[in-house]
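**Q** okay, predicted coordinates and the sequence, questions at the end:
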Amino acid sequence: MLLQTEFDFTLPKGYVDAQGNVCRKGVMRLATALDEIEAARSPGVRGNEGYMPVALLSKVVTRLEGVECVTPEVIEKLFTADFAFLQNMYETINNAEEPVIQVQCPYCNKTFTDTLNFALGE
């Protein structure tokens with residue numbers, strides 16, 4: 001089973017570039033720990049923690065049609081509906097799901113799926 005690391009999207013409104021072109025299709029990849037570290041260290045975030053989503057999205061949005069390089073300035077110019085869409089997408093694709101394990105009852109031999117809870121050592 002391959003892990004999907006990139007996800008296509010279509011912005012609800014679209015980014016309007018300097019020539020007036022509307023750019024809607026793009027790709028977002030899964031975030032890494034380094035993405036979050038680098039975003040937290042960026043100058044915009046040091047002065048304003050509310051800037052963190054802008055810095056982070058500029059790292060994980062790898063392509064936006066018609067845009068050579070997705071930068072924080074590009075993310076800043078998105079309509080709020082598109083910005084909210086990308087934030088929601090980021091949360092959805094990077095959300096850690098609980099790990100599951102296939103187990104079999106030693107008494108009845110019934111097989112079922114259970115979640116692992118590493119915090120409790122289960």
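**A** Sure thing, it's come through. The shown structure was predicted, so the numbers you read here are calculated from the model rather than taken from an experiment. Numbering: from 1, shown residues only.

**Q** CA only for contacts and neighbour counts going forward, please
**A** Noted.

**Q** which residues of the protein fall in helices?
**A** With DSSP state H, the ranges of helices along the chain come out as 33-41, 43-47, 52-60, 72-76, 80-94.

**Q** could you say which of these is packed most deeply?
**A** Neighbour counts (mean count of other CA atoms under 10 Å) averaged over each of the helices of the chain peak at helix 52-60, with a mean of 22.

**Q** what about it, average pLDDT?
**A** In this model, helix 52-60 carries a mean pLDDT of 97.

**Q** show me what contacts residue 51?
**A** Taking CA atoms under 8 Å, 6 or more residues apart in numbering as the contact definition, residue 51 lies against 44-45.

**Q** and with 6 Å instead?
**A** If a contact means CA atoms under 6 Å, 6 or more residues apart in numbering, then residue 51 has residue 45 as its contacts.

**Q** for residue 41, see how far away it is.
**A** Distance, residue 51 to residue 41, using CA to CA, to the nearest Å: 11 Å.

**Q** residue 67 now?
**A** Going from residue 67 to residue 41 by CA to CA gives 25 Å.

**Q** what sits up against stretch 8-16?
**A** Counting by CA under 6 Å, 6+ apart, stretch 8-16 makes contact with 22-27, 78, 82, all of which sit outside it.

**Q** buried residues in it, which are they?
**A** 9-11, 13-16 (16 or more other CA atoms under 10 Å).

**Q** nearest to residue 95, out of those: which one, please.
**A** Set against residue 95, the nearest of the buried residues of stretch 8-16 by CA to CA is residue 9 (17.2 Å).

**Q** who does that closest one form a beta bridge with?
**A** Counting by DSSP bridges, residue 9 is bridged to residue 26.

**Q** so what pLDDT did the closest residue to residue 85 other than its chain neighbours get?
**A** Spatially, and ignoring its direct neighbours in sequence, residue 85 is nearest to residue 11 (7.2 Å; CA to CA, 6 or more residues apart in numbering). Reading off the confidence values, residue 11 has pLDDT 96.

**Q** separation between residue 11 and residue 80?
**A** 11 Å.
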